[in-house]
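K.L.:
Structure of the sequence below:
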Amino acid sequence: MKVSDLMNNCPVTVTPDTPLRQINLLMHRYHLNSVLVTSDDGKLAGIITYSDLFRQLLPSYEKLMTEEYLLQRPELLEEDTVDLINRPVKEVMTGNVKTIAPDTAAVKAGALMNAHKVKQLPVVDGDKLVGVISFTDITWGLLLKSAQLF
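P.N.:
Model (predicted):
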């Protein structure tokens, strides 16, 4: 079974200048944990995950402990959110993304996800984004295939 057999070939994408506000809306509307960022010519530029947004919204534990005013006035964090949601994704996204080719074995894609502790991989053909595959896609694909064997 290959990546191309299991991948989503219509991933949700945005451009690098898309504001985080819009990305948050897309994630909620389509129940996504991430959105791929592409250039105008379809090349993968990066990825933004819900965890990335979370880390932008909330301070680290160290910052919270060293800057006591954040504990005393948590509304200041909420005020910072207004600035955050208008920032373009290119300021927050992960740019150096692990990718996989569509003709790669799905098991190898799963092993790559495990090795890099990611839940999905963009699928590229040359330098063009052609889809995305998640650990859920691979799990379901393998389980369905094994169920057909019995």
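K.L.:
Now do the residue nearest the centre of the chain against S134, distance only.
P.N.:
The centre of the chain sits closest to S34, judged by CA atoms, centre = their mean, with a distance of 3.0 Å. Distance of S34 to S134, computed by CB to CB, to the nearest Å: 9 Å. For every residue, glycine as well, the C-beta is placed using N, CA and C.
K.L.:
Now do the shared contacts for the two.
P.N.:
Counting by CB atoms under 8 Å, 6 or more residues apart in numbering, the shared contacts of S34 and S134 are K119, Q120.
K.L.:
Work out for me the element A115 sits within.
P.N.:
Here A115, judged by DSSP states H and E, is contained in helix 106-116.
K.L.:
so who does V132 touch?
P.N.:
Counted by CB under 8 Å, 6+ apart, V132 has contacts M7, N8, P11, L36, Q120, L121, P122, V123.
K.L.:
Just to be sure, it is in a strand?
P.N.:
Yes. Counting by DSSP: H, G, I helix; E, B strand; the rest coil, V132 is part of a strand.
K.L.:
Perfect, I'm done here.
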